Every structure is written in C-alpha cells, then in structure tokens.
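Engineer: curious how this folds, go ahead:
(2 chains)
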Amino acid sequence: MDAQLRRGILEVCVLKALAEGESYGYQIIKDISPYIAMSESTLYPILKRLEASGALTAFSREHNGRLRRYYAITGEGLSRIGAFLTEWEEMTRAYEFIKGVNHHEKG
Amino acid sequence: MRKAEFLDKLCQELRFHTDAEEIRKVVSFYEQSIDDRMEDGMSEEDAVAALGPIDDIVREIREVWSQEAAGRRTQSGGQEETETFCRDFDPAVTGRIEFYDLPADIFLSPSPDRLIHLEVQSNGSGGCQVSGGSTVTVRHMYIPRGKERLYFDVFGVKFSLPQVDLNGLTGKRALVKLQLPAGAPVEVTVKSPNGGLTAEQVTLGSLSVKLANGAVCLRGVEAAGPLDAATANGDMSLENAAAPDMVLSAANGDVTLHAIRSESVRLNIASGDAQISALRCAALSVKTASGDVDAQAVEVREKLAAMAVSGDLSLKLSCPCPLVELNTTSGDVDLTLSGPESLYSVSARVCAGRARVAGNAANGPDVVRIKSLSGDVNVSFGE
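Structural biologist: Take a look at the predicted model:
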C-alpha cells in the first residue's frame, strides 16, 4: 500500500482511539492493533504530526509514581474523522465492487 | 535486553541531533511504552523486545526529524546551523567504505574505540538514513540544478543536506570525517570531483583515492593492501606511509614523499615536481613529463626505473641497486650510486648532451643503463 495512504489512515485511527476520551501511547496501540498493524515507531511520528496540525493536544500527568504522556482529541481532530468517513464511503463501495459482492440488482 | 540498556543504546544512536529536549522526549516516549507494557504484565525483556529493533526505531525517528527540519527551513527562509550526521559501523561487519562523486573534503583519523565512525557535516539541517552492511557506500553527492540542497545516498538510502555554496562547487562543501579503529582492515575507496583527502595516523586494509580537484595528504598511514592515489589538480604529500604496493599519480601537482616503506612504488607525474626522501622499497618506477624528480636517501633493493621527457632526474641512492634504468628526452640526469664503482656496470648513452661517469665502472654485477637524447648525464658514487 502507498506509504502516504497508509500513514493517512493510521492518523485517523489514532484520532478515533482518542475520540472517546484521552489516552496514552501503549493504550492507543492496544486499541488499534486488532484492526491494523501499529507500533511505537509508527505511532510516535503520527502523534507529533497530529499535535503540530492541531488535531490533538498532549500533556503529562502522574501515574503510579511516574509521568505519563496523555493525548486528547480537539475539535479539529474530530472533524477530521468525519471528513475521512465521508471520503471513504466511496472507497468502501469500490472495495465491494472489486471483491465482487453485488448489493444492487441491475435493471 | 533490559530497559536501561535499550534506552542507553537509543540515546546513543540519537545523540547527533542538535535538540537535546527533543531527544529526551523521544526516549521518554519509549520508556513509557516499556513501563506500560510491564504494568500490563509483560516481563522487562518482553516489553523491550516488543518495541522492535533499535535500528528501525532510529530510522523512523530520523525520518521524522528530517521532515520537520525541511518544513522549518522553508518557513524560516534558510537559517542554517551546522548539523552533523553520525553513524557507527562495526568493522567486524563493515569491511569497505566507499565514497563516490563526492564534492567533499574527507578526513581519515583514528577511532577512539573499536567502531568505525562516519560523520558528515554541512550547514543547515536535513534528513539522513544510513544502514550498514559489509560495504557502506556514500555516493552521488550532487546539487540538482536550481536547488539548494546537497544530495547523496549512503548504502542506497538518500541523504539530503541543504545549503552548499552554489557558485560552482569551490565554496563550502560538505565535510566527511571517517574514524577507523586501529588494526581493523577496512578498505577505503574515494572518488571525488571536488574535494581533498587527508588521512592521519590510520591503519587501513587498502586505500584507493581518485580526485579531480583536490590534494592528497597522508601522514602516518599504513595499508595492509594496495595504496593507490591519483589527483588531477592537486598536490600529493605522503609522510610516513607504508603499503606493500603504491601507485601514485599527480597530473598537475607536486608530489612530496618522505619516509615511505613499500615493496613496489610507481610514481607518475606530469607537470609538477616530485621530491622524494627516505624511501625504502624493492622496486621504484618514476615517470614524469616536464616535472623534475629529486630523490635523496632512497633505498631501492631490486630495480629502479625512471623516465622523463623534459624534467630533470636527480637521484641519490643509499644502497646498492642491481638494476637501474633511466631514460630522458631533454631532461638532465644526475645519479649518485651507493657503494664502490666495482659493483657496477654503467652505460650512459647521450645523443646531443654530455655524459660523465666518475671512475671506471664497467665490470660490476649491478647494471646501470642511462639514455638521454639531449640531456646531460652525470654519474657519481657515494657512500
């Protein structure tokens, strides 16, 4: 798959993982991994980019005697999820077509 | 691997980056992941292993930093700081380092530890990815037309550094520093259109240098294999150098050789002069067009051959040589042989010049043949 495309999709996955509430690195990976492969090396640059573009904010909070970095989605981030779902509706139809499942009768 | 070891190693690999705070953030990110996995029930070893190989991690991080820097650069309009890219190689794995098409000055020096250290400096910031194997190749360093970036790739992966002087390549270039561990037989090849090579106090497997516009300067260099150095426009200077086989060429530059040990030395010069002293070898062959050759305290054990067109040959041998063949067109020959005349059979044939051979050396076992068209020939005997 095109690297850019993959990264774009993973970015929206990370936003979705934050959509229900703030989260942290390892938890985000646990949430996404059942659906699509994600590791720290992939996650770190995505978090950086999303923060730089205002789709999430980052802050530190104490957890069990150490500092843990948390991420929270912004309004901008939520609207990105919406935009992705709209754009990809057409993609899913194309996928079904290629796979060979007919949802509509012709004629 | 344990957590502390992993984090240490990660820190080490990232230490080249100029922003210490950023390095801290990245390392902290990975530390937290390990801690979270351990909290989830994983063992320390498993938690570390789950992160994957450090090389992959470092590669991704470098990619992120380089993209950020590129973005910053277009925004700020080109404020440069010098940035350095470092990569270490294990000589047990990497036996060859090659530089091709490199407009850079290259410096070879000893490594402080057992690793090979490669460092590239340029102004500004840029991205890099390096991976190592048995051969590390740095090639195709070039500046695309209309761009202000210097590109090269190492081992098939591209480096890109901004801001090299665009007015030809004679301005600031990149600087490449290569540190080699003592006793490791690394083979180094350099082919550069614009840049010099300097090596000090290094031992190498072999050295092959071909420069178009740059000087070669070797001090205290020892090669286990062949040492080939050629420069079109630049001087060549070797001091305290040893290699079983040496081929040295300078088209437009002067050559200075001092304290050289070898089996076979071949020297080719065109318009520059050659100054040789304290050279010890089995066979010495010198070819020059118009440059003069001055050789003092030269010990050639088996064969000395020298050819000049208009350059003069002034050779003083400090040990008996069984075969000496000198040939000039218009250049003069001044030869001082070592040992008594009785050792030698000297024949000096001149056409338009004057030949003078001291004493009567006609029956010795060591053969000396000198021929000159219009040059003068003078042969004498020293200690």
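
Engineer: center of chain B - which residue?
Structural biologist: Central residue of chain B (Cα atoms, centre = their mean): B:L197, 5.0 Å from the mean position.

Engineer: and that one, bridged to which residues?
Structural biologist: Taking DSSP bridges as the rule, B:L197 bridges to B:I106, B:V216.

Engineer: one more: B:L326?
Structural biologist: B:A306, B:I370.

Engineer: that one: how many residues sit nearby?
Structural biologist: Neighbourhood size, B:L326 [other Cβ atoms under 10 Å in any protein chain shown]: 24. Yep, even glycine has a C-beta here, placed from its N, CA and C like the rest.

Engineer: just the pLDDT at it, thanks.
Structural biologist: pLDDT, B:L326: 96.

Engineer: hang on, the earlier thing: ok, the residue nearest to the centre of chain B to chain A distance?
Structural biologist: Distance, B:L197 to chain A, using Cβ to the nearest Cβ, to the nearest Å: 37 Å.

Engineer: wait, that residue sits on B:G214?
Structural biologist: Yes - if you go by Cβ atoms under 8 Å, B:L197 and B:G214 touch, sitting 6.7 Å apart.

Engineer: between the two, what contacts are shared?
Structural biologist: Shared contacts of B:L197 and B:G214, defined by Cβ atoms under 8 Å, 6 or more residues apart in numbering or on different chains, are found at B:D105.

Engineer: how about the strands of chain A, start to end?
Structural biologist: With DSSP state E as the criterion, chain A has strands at A:23-24, A:56-63, A:66-73.

Engineer: in its sheet, what does the first one sit against?
Structural biologist: Paired with strand A:23-24 in the same sheet, following DSSP bridges, are strand A:66-73 (antiparallel).

Engineer: got the buried residues for the strand it pairs with?
Structural biologist: A:R68, A:R69, A:Y70, A:Y71, A:I73 (16 or more other Cβ atoms under 10 Å in any protein chain shown).

Engineer: for chain B, what lies in contact range of chain A?
Structural biologist: B:26, B:28-30, B:32-33, B:35-37, B:39-40, B:51-52, B:56-57, B:60-61, B:63-64, B:68 (Cβ under 8 Å from any Cβ of the partner chain).

Engineer: swap in 6 Å and give it another go.
Structural biologist: B:F29, B:Q32, B:S33, B:D36, B:L51, B:G52, B:D56, B:I57, B:E60, B:V64 (Cβ under 6 Å from any Cβ of the partner chain).

Engineer: check which helix or strand covers B:S290.
Structural biologist: Under the criterion DSSP states H and E, no helix or strand holds B:S290.

Engineer: and if you look at the one 5 residues further on?
Structural biologist: With the criterion set as DSSP H and E, the secondary-structure element containing B:A295 is strand B:293-308.

Engineer: can you point out the buried residues in that strand?
Structural biologist: B:V293, B:A295, B:Q296, B:V298, B:E299, B:V300, B:K303, B:L304, B:A305, B:A306, B:M307, B:A308.

Engineer: do the same with stretch B:92-106
Structural biologist: Going by 16+ other Cβ under 10 Å, stretch B:92-106 has these buried residues: B:T94, B:G95, B:I97, B:E98, B:F99, B:Y100, B:L102, B:P103, B:A104, B:D105, B:I106.

Engineer: which one of these is nearest chain A?
Structural biologist: Set against chain A, the nearest of these by Cβ to the nearest Cβ is B:T94 (23.9 Å).

Engineer: grab the nearest non-local neighbour of the closest residue to chain A within the stretch 201-350 of chain B.
Structural biologist: For the stretch 201-350 of chain B and chain A, the shortest gap (Cβ to the nearest Cβ) falls at B:G205, measuring 35.1 Å. Nearest non-adjacent residue to B:G205, counting by Cβ to Cβ, 6 or more residues apart in numbering or on different chains: B:P185, 3.5 Å away.

Engineer: run a quick neighbour tally on the one you found.
Structural biologist: Residues contacting B:P185 under the criterion other Cβ under 10 Å number 14.

Engineer: now B:E21
Structural biologist: 7.

Engineer: cool, B:R2 as well?
Structural biologist: By other Cβ under 10 Å, 12 other residues sit near B:R2.

Engineer: next: the one 3 residues further on.
Structural biologist: Other residues near B:E5 come to 10 when the count uses other Cβ under 10 Å.

Engineer: and it, that one's in a helix?
Structural biologist: Yes - counting by DSSP: H, G, I helix; E, B strand; the rest coil, B:E5 is found in a helix.
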